[in-house]
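Chemist: I need the structure of the sequence given here:
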Amino acid sequence: MKMNVIIVYNQCEDRILMCLRSKEPYKGLYNLVGGKVEAGEEGLESAYRELEEETGITSKDITLTHLMDFKYYMSNIELQVYAGKINKEIIFVEEVNKLYWVSSDDNFFDITKYAGEGNIGHMLEQVKLYRKKLFYYSGDRP
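Modeler: From the prediction side, this is the model:
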């Protein structure tokens, strides 16, 4: 099964969009938004669809970049990770889970607060490493 998660930064890059899980897995923990990739759907297309369904954020509001993938052989899951920064203030349209902006300085390796056994922390460290490429500072394109 293919799934995606989307790392969304606010315009100032000091907040990250999280949902508070209302069901298992990870009920009661903060998680990135995302969902299942539908049959015949391309990864990036799926990420934009899931982002709009869960938050109301559209491809006009953000440019997503494919950051990395995880393959979980024991559970037969391929997780595709995308990241981007919104280009304007957003009024959320919540689908199932409540949405929150969380400080980008938080400890995303805290498994009592965040889903994914520390993977969110790892993903965000990768964003830090490649921030200039992801967010195209000063008009510089890689």
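
Chemist: tell me which strands and helices the helix or strand harbouring Leu44 is in contact with?
Modeler: Assigned by DSSP states H and E, Leu44 falls within helix 43-55. Helices and strands touching helix 43-55, by 3 or more CB pairs under 8 Å, 6 or more residues apart in numbering; DSSP states H and E, are strand 2-9, strand 33-36, strand 77-85. Backbone N, C-alpha and C define where each C-beta goes, glycine included.

Chemist: swap the cut-off to 6 Å and go again
Modeler: Here helix 43-55 touches strand 2-9, strand 33-36, going by 3 or more CB pairs under 6 Å, 6 or more residues apart in numbering; DSSP states H and E.

Chemist: so which of those is the most packed in?
Modeler: strand 2-9 (a mean of 22; mean count of other CB atoms under 10 Å).

Chemist: and after that one, which helix or strand comes next?
Modeler: As assigned by DSSP H and E, the chain's next helix or strand after strand 2-9 is strand 15-20.

Chemist: Show me what that next one is in contact with.
Modeler: The contact list for strand 15-20 (CB atoms under 6 Å, 6 or more residues apart in numbering) reads 8-9, 30-31, 33, 97-102, 104.

Chemist: does the closest residue to Gly34 other than its chain neighbours have beta-bridge partners, and which?
Modeler: Among residues not flanking Gly34 along the chain, Val5 sits closest, at 3.8 Å (CB to CB, 6 or more residues apart in numbering). Beta bridges link Val5 to Gly34, Val81 when assigned by DSSP bridges.

Chemist: what about the helices and strands packed on helix 43-55, which gets the closest to Phe109?
Modeler: strand 2-9 (15.0 Å; CB to CB).

Chemist: Next, the angle from that closest one to helix 43-55.
Modeler: 60 degrees (axes from the mean of the first three to the mean of the last three CA atoms, to 10 degrees).
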